[in-house]
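Q: Below are the sequence and a predicted model; questions follow.
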Amino acid sequence: MNRIEKSFHQLKVRNEKAFVPYIMAGDGGLKSLMERILFLEKSGATAIEIGIPFSDPVADGPTIQEAGIRALKNGTTLKEVLSTIRELRPIVSIPLILMTYMNPIYAYGIGSFILDAKKSGVDGLIIPDLPIEEEEMILEPLNEASIELIRLVTLTSPIDRIKDIAERGRGFLYAVTVTGITGSRTSFNESVGEYLAKIVDVSPIPVLAGFGISTPEQVKEMAQYCDGVVVGSKVVELFHNGSLDKIEELISASKVTNVI
Ligand SMILES: O=P(O)(O)OC[C@@H](O)[C@@H](O)c1c[nH]c2ccccc12
């Protein structure tokens with residue numbers, strides 16, 4: 001079992017839902033990256049999604065865009081992020097998932113990027129601008145490195161496409177719960193529960209809901225339809241403001257026992 005499978009297995013045994021926080025690497029400096037990963041593991045995160053700052057983050061809303069700008073201003077590079085993770089890996093046991101657009105990977109070189117990610121102990125990759133039709137170019141080296149490509153499905157994906165993506169899926173399936181970019185929402189489309197249930201139904205791997213989730217109530221609400229949640233913008237904002245207790249509250253909300 002790889003680290004991601006192991007984590008989901010443990011959740012099942014404990015009858016808990018997954019909580020995967022997203023953080024922007026280099027926001028607050030690389031030392032903060034280390035401290036935040038350690039804090040999130042200690043607070044009960046299932047895995048951590050680590051964002052690589054990039055100048056054109058097309059899927060991101062203002063909170064994450066601004067965090068990316070702060071990280072770039074700090075001079076954060078992909079190479080440094082990978083070596084920071086490598087340094088931490090021996091003392092962190094939860095899965096670490098990198099989220100990056102394709103461009104920084106190209107700039108680094110696909111082969112050397114995957115090799116370095118492997119050496120750092122990266123468990124998974126989310127590449128939002130890599131559609132399944134294009135993933136061939138990166139799949140083989142990823143498989144060789146045993147790094148899981150986490151795929152996304154969206155509210156507007158037809159069911160046949162969702163099925164296809166779910167069947168190829170590794171690690172977990174990321175179900176995007178809004179049409180649009182990342183960032184807090186006050187309400188969701190009323191059919192979101194139905195959408196998540198449909199995905200869970202066809203997916204052989206765990207399904208996590210993400211985008212727009214920012215309160216403990218929303219964590220509980222979304223988690224009842226699937227295997228857990230990803231929370232990005234809110235976590236980025238709370239770290240930036242130093243409200244660590246609020247991050248703990250969000251994580252605790254996912255520990256409610258399975259209601260369905
Ligand atoms: O910020 P939100 O609305 O909580 O959404 C999660 C999200 O931030 C994180 O998973 C993410 C950040 N950037 C992305 C780009 C694409 C897909 C996912 C992401």
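A: Sure thing, it's come through. Note that this is a predicted model, so its numbers are computed, not measured.
Q: Excluding chain neighbours, what is closest to the residue most central in space within the chain?
A: In the chain, the C-alpha nearest the mean C-alpha coordinate belongs to Glu49, at 3.8 Å (CA atoms, centre = their mean). In space, not counting the residues next to it along the chain, Glu49 is nearest to Tyr22; the distance is 4.2 Å by CB to CB, 6 or more residues apart in numbering. Placement of C-beta: from N, CA and C, glycine included.
Q: Identify the residues contacting the one you found.
A: Counting by CB atoms under 8 Å, 6 or more residues apart in numbering, Tyr22 makes contact with 48-51, 64, 99, 230-233, 235-236.
Q: of these, closest to the ligand?
A: Taking CB to the nearest ligand atom as the measure, the ligand lies nearest Gly232 of these, at 1.9 Å.
Q: ok, residues contacting stretch 136-148?
A: 2, 4, 105, 110-111, 114-115, 117-118, 122-125, 127, 130, 149, 170-171.
Q: Looking at these, which are in helices?
A: Among the contacts of stretch 136-148, the members falling in helices are 4, 105, 110-111, 114-115, 117-118 (criterion: DSSP state H).
Q: Just after the host helix or strand of Asp201, pick out the following helix or strand.
A: Applying DSSP states H and E as the criterion places Asp201 in helix 192-202. The element immediately downstream of helix 192-202 (helix or strand, assigned by DSSP H and E) is strand 207-210.
Q: Against which helices or strands is that next one packed?
A: On a contact count with 3 or more CB pairs under 8 Å, 6 or more residues apart in numbering; DSSP states H and E, strand 207-210 meets strand 18-24, strand 173-176, helix 192-202, strand 228-231.
Q: What pairs with the first one, parallel or antiparallel?
A: Meaning strand 18-24. According to DSSP bridges, strand 18-24 has the following sheet partners: strand 48-51 (parallel), strand 228-231 (parallel).
Q: Turn these into CSV, columns for mean pLDDT and distance to the ligand.
A: Listed next are the strands paired with strand 18-24 as CSV, based on pLDDT from 0 to 100; distance: least, CB to the nearest ligand atom, whole Å:
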stretch, mean pLDDT, distance to the ligand
strand 48-51, 98, 5
strand 228-231, 98, 5
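Q: Tell me which of these is the most buried.
A: strand 228-231 (a mean of 27; mean count of other CB atoms under 10 Å).
Q: Next secondary structure element downstream of that strand?
A: helix 233-241.
Q: got a list of contacts for that next one?
A: Defining contact as CB under 8 Å, 6+ apart, one finds that helix 233-241 is touched by 21-24, 27-28, 32, 36, 61, 63-64, 67, 182-184, 213-215, 244, 246-247, 250.
Q: Mind listing what's buried along it?
A: With burial defined by 16 or more other CB atoms under 10 Å, the residues of helix 233-241 counted as buried are 233-240.
Q: just stretch 215-225 next, same as before
A: Going by 16+ other CB under 10 Å, stretch 215-225 has these buried residues: 215-216, 218-223, 225.
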